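**Student:** sequence and predicted structure below; questions after.
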Amino acid sequence: MKLRWCLALPALLLLTGCIGLAPKPSLSEDFGQRIEAPQVCFIQTGKTTRAEVIAHLGTNYTDLPQGRAMAYSWETKGVTFQWYIVVFALFGGTAEPTDWSTGSRWQAYFLAFDHHGVVQANGYYRLTLNNHHSLHEQLAKWVSRKVPENADNCCHSSSQVE
């Protein structure tokens, strides 16, 4: 029995493979216009209007119906990895690239407005691709947490990324 294991173990080690990762610089460009903190310092919750936001930040945004909320989104370069499968054979091995996995950072600056078009909440938000929710769905979820449906005098702001 011991002899079988002594012969089987080296054979198993020689005929197995493993998976590895190799980082590669991303060649993709940033997408969208990144919104930096100095660009949004003019926004005052309860005072700044939707028109003022658009005048300062531009028209490259998406919004919810009835203008209740808007988002300026952008995506920055990430790290790209190439997956390798390394197969060890009896007399050598191979390392074959199999697939690419690109990481990126999809972020947004969200703003919520009351029915008069005045900012009620604002902040940076890290968007997610994992659950396949669209930008509109993530914006709607954010605004429902930040501003109750019928609250006009409730003011919230956040400079932290959620």
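**Tutor:** Thanks, I have it.

**Student:** show me the helices in this protein, by range?
**Tutor:** 2-15, 37-40, 50-57, 135-146 (DSSP state H).

**Student:** where among these is average confidence lowest?
**Tutor:** If the helices of the chain are sorted by mean pLDDT, helix 2-15 sits at the bottom with a mean of 59.

**Student:** so Leu139 touches Thr62, yeah?
**Tutor:** Yes - the criterion here is Cβ atoms under 8 Å, and Leu139 meets it with Thr62 at 7.4 Å. Placement of C-beta: from N, CA and C, glycine included.

**Student:** between the two, point out the one with more neighbours.
**Tutor:** When Leu139 and Thr62 are compared for neighbours, Leu139 comes out ahead with 25 against 14, by other Cβ atoms under 10 Å.

**Student:** what's the local residue count around Pro38?
**Tutor:** Residue crowding around Pro38 was assessed by other Cβ under 10 Å; the count is 7.

**Student:** can you check Cys41 too?
**Tutor:** Cys41 sits with 10 neighbouring residues when counted by other Cβ under 10 Å.

**Student:** joint contacts of Leu139 and Thr62?
**Tutor:** Met70, Ala71 (Cβ atoms under 8 Å, 6 or more residues apart in numbering).

**Student:** could you pull out the strands for this protein?
**Tutor:** In chain order, the chain shows strands spanning 17-24, 62-63, 69-76, 80-89, 92-102, 105-113, 119-126, with DSSP state E as the criterion.

**Student:** list the buried residues in the last one.
**Tutor:** I take that to be strand 119-126. Residues of strand 119-126 classed as buried under the neighbour-count rule (16 or more other Cβ atoms under 10 Å) are Val119, Gln120, Ala121, Asn122, Gly123, Tyr124, Tyr125.
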